[in-house]
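Q: Predicted coordinates and the sequence they were generated for:
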Amino acid sequence: MTRTSTATPLAPHPDRLFAADPGARAVARTVYDAVADAPIISPHGHVDAALIADDEPFADPASLLITPDHYVLRLLHANGVGLEALGRADLSGTPPGSQARPAGSARRWRDAAEPTPPGRSIWRNLAEHWDDFLATPVRYWFETELHDVFGLTEQPSAANADAQYDHIAALLQQPQMRPRALFDAFGIEVLATTDAPDADLAAHARLAADPTFSGRVLPTFRADAVFDPSRSDWRHVVASVGEAAGIDTGTHDGLLAALRARRRYFIEHGATATDTGVLDAGSMPLTASERARIHTAALEGPSGVTAAEAVAYRHDMLYRWAEMSVEDGLVMQLHPGVLRNHHAPTLERFGPDTGHDLPAVGSFTEPLRPLLESFGTAPGFHLVLFTVDETVFSREIGPLAGFYPAVYAGAPWWFIDTPAAIGRYRAAITDSVSFTKTSGFIDDTRAYCSIPARHDMARRADAAYLASLVVTHEISEEDAVRTARRIVSDIPKATFKL
Amino acid sequence: MTRTSTATPLAPHPDRLFAADPGARAVARTVYDAVADAPIISPHGHVDAALIADDEPFADPASLLITPDHYVLRLLHANGVGLEALGRADLSGTPPGSQARPAGSARRWRDAAEPTPPGRSIWRNLAEHWDDFLATPVRYWFETELHDVFGLTEQPSAANADAQYDHIAALLQQPQMRPRALFDAFGIEVLATTDAPDADLAAHARLAADPTFSGRVLPTFRADAVFDPSRSDWRHVVASVGEAAGIDTGTHDGLLAALRARRRYFIEHGATATDTGVLDAGSMPLTASERARIHTAALEGPSGVTAAEAVAYRHDMLYRWAEMSVEDGLVMQLHPGVLRNHHAPTLERFGPDTGHDLPAVGSFTEPLRPLLESFGTAPGFHLVLFTVDETVFSREIGPLAGFYPAVYAGAPWWFIDTPAAIGRYRAAITDSVSFTKTSGFIDDTRAYCSIPARHDMARRADAAYLASLVVTHEISEEDAVRTARRIVSDIPKATFKL
Amino acid sequence: MTRTSTATPLAPHPDRLFAADPGARAVARTVYDAVADAPIISPHGHVDAALIADDEPFADPASLLITPDHYVLRLLHANGVGLEALGRADLSGTPPGSQARPAGSARRWRDAAEPTPPGRSIWRNLAEHWDDFLATPVRYWFETELHDVFGLTEQPSAANADAQYDHIAALLQQPQMRPRALFDAFGIEVLATTDAPDADLAAHARLAADPTFSGRVLPTFRADAVFDPSRSDWRHVVASVGEAAGIDTGTHDGLLAALRARRRYFIEHGATATDTGVLDAGSMPLTASERARIHTAALEGPSGVTAAEAVAYRHDMLYRWAEMSVEDGLVMQLHPGVLRNHHAPTLERFGPDTGHDLPAVGSFTEPLRPLLESFGTAPGFHLVLFTVDETVFSREIGPLAGFYPAVYAGAPWWFIDTPAAIGRYRAAITDSVSFTKTSGFIDDTRAYCSIPARHDMARRADAAYLASLVVTHEISEEDAVRTARRIVSDIPKATFKL
């Protein structure tokens, strides 16, 4: 694109995120250069395997880059753009003005009556609010991505919104912009997806069987829905897991057997890990009769169990989850402490993953005690702990990883996957437990085209951190380079058994 | 003043708070220079409007600069100077040695029998303990203020205490040191005060009607006392609000109507905001019959309601407060998490605001959920959240402001209004939600003459932060300058509807 | 030792921990040089006085440097080395495979059947895992210690493990490596030990009476076991304290009298302080009849009191502890918030202090309120608060020390005694309360030979922090040098009444 005279250039600096001090910067460059082009190991993310398997062209810039990305949605929403103006369908079917909720919530801050806008209009919203993203990691990734993947050379603005939209839309029709071509161009070596417990993993199987595709796309077993009998979809998922496994899940022992079978199925399709999100990390086991009783009661319907019983069932299941990992070797990823769907009216209208999942206070040491007493020193067991509450890095996760062979300190994630927070994570965790017991970077993304930008950001942030240790003579430059290489390859491979 | 040969110079450096690295310092200077002389917007503070309206000379250095400033008092107290030696009246009337409290508390660590000392003696206490303030923000402001406002060129010390006291005392008699002359000299554009719910706002009215005064001095509606029926002054304030509004507050609906009327009265006198301090941010609404019942019971006396009912009443009131803001457009400021009057013996002897209000653990996401579900997306509603627990910036306030259009991330305040903490706030909040959804600096001060020093400190701290982003190539220098200008003007004006 | 061509040099840099910026580094050097050779004041640690009194040669490198040091043990354990391979005796006597615990915990991740390995084998474990310690404070101290005390010039590795072991083992036979010679060589002026409440303090008495020893080795009274009647050793310790004091502890008043007598005994032997570790800082006093009742019930056996009664008893005892300090002048050190022996199977096999004590959430402001209301302003009372949860520095400890004359902000400790965390502590605490109300560095170590390395690290970290204030013109270089000198001498002497 040619740049108009008034436009602001988009030109990510080759030394971005490195300290200004010339000595520190030179070291950071050396460390970064050693890993800048290393293959991408992505052991935790939310890209759909079918996207790679089908290899269809992407539809349009907005549905690729904005509508599915809750990072972007939430910042636009916070600055006054309604979700209906961002391409999210209104699921409630409620005509404006007819709500039963109290006065305040009944008011909608934008009229929802207008039809779903086309991609071009969504894109304009982003361009007009570009300044509201200044200095956020979301804009940082977006800038790298727009420049490196889509060849843009101007910062988005109201003036160039249509031109940039057209430029990207045209590019998406090119063969080099198809998912598999990008997989190679991005240098992805391993990409782990996240999959439902009843998934058939057909796309994974197609990719594995395809001689023309050499990348590794691995499933991850995520069965949160079976943990919590108070969820509205619990009975459905329990039945569905039983069907997929060919095992009756009408008893708790049946459910455990079915889950073990499904885990084996995932392992046969390349999985090396499970993933679990829970509100809290309680892990107290129940007696066999008690868990059987709650299971049976819960199958009778949502009113069959009390809230306390549902929590006890979930805590027991977390304990069983570790027990299964000790048996079958799947790495156990755990990220407690996210309060889902904070704003009920938005959930009702637009569904989940619409920007109002919020961090809760993190807690690991106490709630994980039963699990760790039983399995914390079990041979081969890997438990990777993630948090969105950074106060636990020096207080809980670092000290736990600094004693238990099983525990690994997961990279900062979601709300804290920023250059500054990565620096604080490294400072806190390295002081406790050095580098070996960490996870390496995880991108955790639904936004396929942001993967290289995110990994590049992490490599730069780690290079800056390692350089800071070199210039204060805490480690040598050779140690820094060697550690940077371990962080992008050996460490994630060992942690996630890749 | 001439400086003696042994005195330590007092000469605030023009580059103070800027990073040492020459590149970063040059950028910080450029950014700071763009806002150094900008008018002061002070949307939250505790200066008395009558001070400006009356425009009387200040009495003496100690009663202007020390006795009313709980920041200064608490540090002197912590270092062994009793409040009675700092000009605070002993309200208890208890002769020493006659207390009923247990042995330990009965001991006073200084004899309270001596008469209230004059200003000169109070000033000597400060001078002798000057080293105990080293590197605190209190000393930082004091140094700027003593140098810029009072023309001192030596650090306070026992040797120069009397001379500096006399110098300031003489200066306070000069016309250019009267409150209105200082208002102009300080470059104040807007000054918001904090006012009781039954206030007549006469001083504000006099200022607004005075053709010789061109500044804006705006009231802020603060009605904490009506929130909490367990307070000893609750019944008095409820009655007094009713009287001021001419509405019977014997029923809860009456109280709500009276509060609405008082808010309108404040709006007519220029108010754009309310301010509320509560121990916790619980916001669960009650049914109309339940809140009516507790109100009636509470009016019968302190024993009329249980502790749990008082809390429920207060949580409901916080919900109503938001509802009223949605109706009348007043910006809602909220600062939960301060435990008032930690040391009961000091409260009894010297009253409140004597240095032992202390931070509690911050919590926003869970307790504000009912309020935000109803009003978080209401058009025009602004809810500014302040905290003294900095762990919530990245975990709660940033993420809330990053989804809810209504939520703004308030500047660090009180215990954390320091250059280093401002930097940590910016790092945490900018990562979450950039700059638009922040409050701009608030000085929150009773110390009139410290206002320019405090705003200057914030401008320097923000310049240093913005420069840190420029030198790591996260934003451009133009973006940094533009953002600094927004922070001191557009952003507070938009947030506080000024 | 001659260095082989492939070995990595071990050469701690003279400017380590100082910022890279040349201006900041020059100031840090100046500040550090002013205190680098100052005598060591160690007011809190766990070296055995008998070690100095007996002055026997150390046995071997592993039992001196590895086996007793839980910092080192936990990192090796976290990286897969079993405690039995590190010289810790298996106390359980349980043959492998016969446990009654559930499946997961029954598995041991290394075979425990092999005999306790000799020191050489233990040393090899450290050398082989040297990279797993990279950039931790444990390695930082170790490097300084190996270089400065033992003259090593190569980083430990598998290749040089035996040679380094032999080098140190030979050195330990030299007279200059005996404990008293090292005491002088380390420049220790005061060394406080930690002692049981029934201790006879014979070693302290021998040292005090020895005209050939001029150092001060002071006992510290630590009586945690008498606080908590739910502990299995409570009855034993209560009886033993009574015996040592010659006072019947069958009543609570008797116990208090015995403790007062034991405190006097410690004071006669040079003690200036007590030390107390509790899970939480609750300090609510009980009535005389209630504490007497619980005491009597507890003496009847573990089942005599409920869990709630045991906690109430402990909270009352913390209150009494402060009361005694007000009476007898002993400085009260308090470090709540450590959860002891997280992993029960390790406790059973290897005993306490084996690396799985873990930080809990810190809390001071609320739980200490009763104690501080009674004693917070008592003349001469010193209460030093330590934490392993750094979130409390700016939220609780700084503000408490910034009002209460009795409260001192203890240095970061245990999990957070790292250069980076010391910087965060200084930033948070100095903002709240400057330097006077801090403790000075405490090494808290069992590892005698690490004392100089630890104090040197703290001096460097403080120099770096003070330099950071100088280059931003917050304090002068003269103030920085003067403050550094106060931190290593005047401040700990005043805080700990040395």
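A: Looks like it came in fine. Residues are numbered from 1 along each chain as shown, chains lettered A, B, ... in the order given.
Q: Do a quick rundown of the strands in the stretch 301-450 of chain A.
A: A:331-334, A:338-339, A:358-359, A:383-385, A:407-409 (DSSP state E, counting those that start in this stretch).
Q: Residues contacting the last one, please?
A: Surrounding strand A:407-409, the residues in contact under the criterion CB atoms under 8 Å, 6 or more residues apart in numbering or on different chains are A:372, A:376, A:382-385, A:393, A:397-398, A:400-401, A:429, A:432-433, A:437-439, A:495, C:78. Where C-beta positions appear, they are placed from N, C-alpha and C, glycine not excepted.
Q: buried residues in that strand?
A: Going by neighbour count (16 or more other CB atoms under 10 Å in any protein chain shown), the buried part of strand A:407-409 is A:407, A:408, A:409.
Q: just for chain A, where's the confidence low?
A: In the predicted model of chain A, residues A:1-5, A:93-117 satisfy pLDDT under 70.
Q: phi, psi of the residue nearest in space to the middle of it?
A: Nearest residue to the geometric centre of chain A (CA atoms, centre = their mean): residue A:444, 2.3 Å. Phi and psi for residue A:444, reported as degrees, to the nearest 10, are phi 50, psi 30.
Q: just checking, it touches residue A:413?
A: Yes - with contact defined as CB atoms under 8 Å, residue A:444 reaches residue A:413; the gap is 5.6 Å.
Q: which ones are touching residue A:385?
A: The contact partners of residue A:385, taken as CB under 8 Å, 6+ apart, are A:334, A:335, A:364, A:397, A:400, A:401, A:407, A:408, A:409, A:410.
Q: Tell me the spacing between it and residue A:396.
A: 8 Å (CB to CB, to the nearest Å).
Q: any residues in contact with both of these two?
A: Contact criterion CB under 8 Å, 6+ apart; residues shared by residue A:385 and residue A:396: residue A:364.
Q: Just give the number of residues close to whatever residue of the stretch 301-450 of chain A ends up closest to chain B.
A: Here the stretch 301-450 of chain A gets closest to chain B at one residue, residue A:418, 4.1 Å apart by CB to the nearest CB. By other CB atoms under 10 Å in any protein chain shown, 24 other residues sit near residue A:418.
Q: Check whether it really touches residue B:428, as I assumed.
A: No - with contact defined as CB under 8 Å, residue A:418 and residue B:428 do not form a contacting pair (9.2 Å).
Q: Now do the helices in the stretch 51-200 of chain A.
A: A:61-65, A:70-78, A:103-106, A:119-128, A:137-148, A:161-171, A:179-185 (DSSP state H, counting those that start in this stretch).
Q: Touching the longest one from outside, list them.
A: Residues lying outside helix A:137-148 but in contact with it, judged by CB under 8 Å, 6+ apart, are A:10-12, A:65, A:71-72, A:75, A:130, A:133, A:152-153, A:155-156, A:164, A:417-419, A:447, A:449-450, A:452-454, A:456-457, B:431, B:434, B:474.
Q: For PyMOL, what selects the buried ones among those?
A: Selection of buried members from the contacts of helix A:137-148 for PyMOL, criterion 16+ other CB under 10 Å:
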select buried, (chain A and resi 10+12+65+71+72+75+130+133+152+155+156+164+417+418+419+447+449+450+452+453+454+456+457) or (chain B and resi 431+434+474)
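Q: quick revisit: adding distance to residue B:195, write the helices of the stretch 51-200 of chain A out as TSV.
A: Listed next are these as TSV, based on distance: least, CB to CB, whole Å:
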stretch	distance to residue B:195
helix A:61-65	49
helix A:70-78	31
helix A:103-106	26
helix A:119-128	39
helix A:137-148	40
helix A:161-171	46
helix A:179-185	61
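Q: for the ones you listed, which one ends up most surrounded?
A: helix A:70-78 (a mean of 24; mean count of other CB atoms under 10 Å in any protein chain shown).
Q: And the residue of the stretch 301-450 of chain A closest to chain B, how close does it get to chain C?
A: Plainly put, residue A:418 is 18 Å away from chain C if you go by CB to the nearest CB, to the nearest Å.
Q: hang on, residue A:490 in a strand?
A: No - if the criterion is DSSP: H, G, I helix; E, B strand; the rest coil, then residue A:490 is helix and not within a strand.
Q: Can you tell me how far it is from residue A:222?
A: According to CB to CB, residue A:490 stands 26 Å off from residue A:222.
Q: Settle it for me: which of those two has more neighbours?
A: The neighbour comparison of residue A:490 against residue A:222 (other CB under 10 Å) goes to residue A:222, with 20 against 16.
Q: what's across from that one in the sheet?
A: residue A:275 (DSSP bridges).
Q: list the contacts for it?
A: A:194, A:195, A:196, A:197, A:274, A:275, A:276, A:277.
Q: where's it relative to chain C, distance?
A: Residue A:222 is 22 Å from chain C, by CB to the nearest CB.
Q: All the helices of the stretch 351-498 of chain A, residue numbers only.
A: Secondary structure of the stretch 351-498 of chain A by DSSP H, counting those that start in this stretch: the helices cover A:369-375, A:392, A:398-401, A:419-433, A:451-471, A:477-485, A:491-495.
Q: most packed of those?
A: Ranked by mean neighbour count, the helices of the stretch 351-498 of chain A are led by helix A:398-401 with a mean of 28 (mean count of other CB under 10 Å).
Q: can it be found next to chain C?
A: Yes - using CB under 8 Å from any CB of the partner chain, helix A:398-401 comes into contact with chain C via A:398, A:399, A:400, A:401.
Q: Which of those residues lies at the shortest distance from residue A:51?
A: Residue A:51 lies nearest to residue A:401 out of the residues of helix A:398-401 next to chain C, by CB to CB, at 33.7 Å.
Q: Might you enumerate the residues of the stretch 151-300 of chain A proximal to chain C?
A: So the stretch 151-300 of chain A meets chain C at residue A:285 (CB under 8 Å from any CB).
Q: and the closest residue to chain B within the stretch 151-300 of chain A, how far is that from chain C?
A: Of all residues in the stretch 151-300 of chain A, residue A:155 sits closest to chain B, at 9.2 Å by CB to the nearest CB. According to CB to the nearest CB, residue A:155 and chain C sit 31 Å apart.
Q: Verify the stated contact: residue A:152 with residue A:164.
A: Yes - counting by CB under 8 Å, residue A:164 is a contact partner of residue A:152 at 6.0 Å.
Q: for whatever residue of the stretch 101-250 of chain A ends up closest to chain C, what are its contacts?
A: Chain C sits closest to residue A:227 of the stretch 101-250 of chain A, with a gap of 18.5 Å, by CB to the nearest CB. Listed by CB under 8 Å, 6+ apart, the contact partners of residue A:227 are A:276, A:278, A:313, A:314, A:317, A:318.
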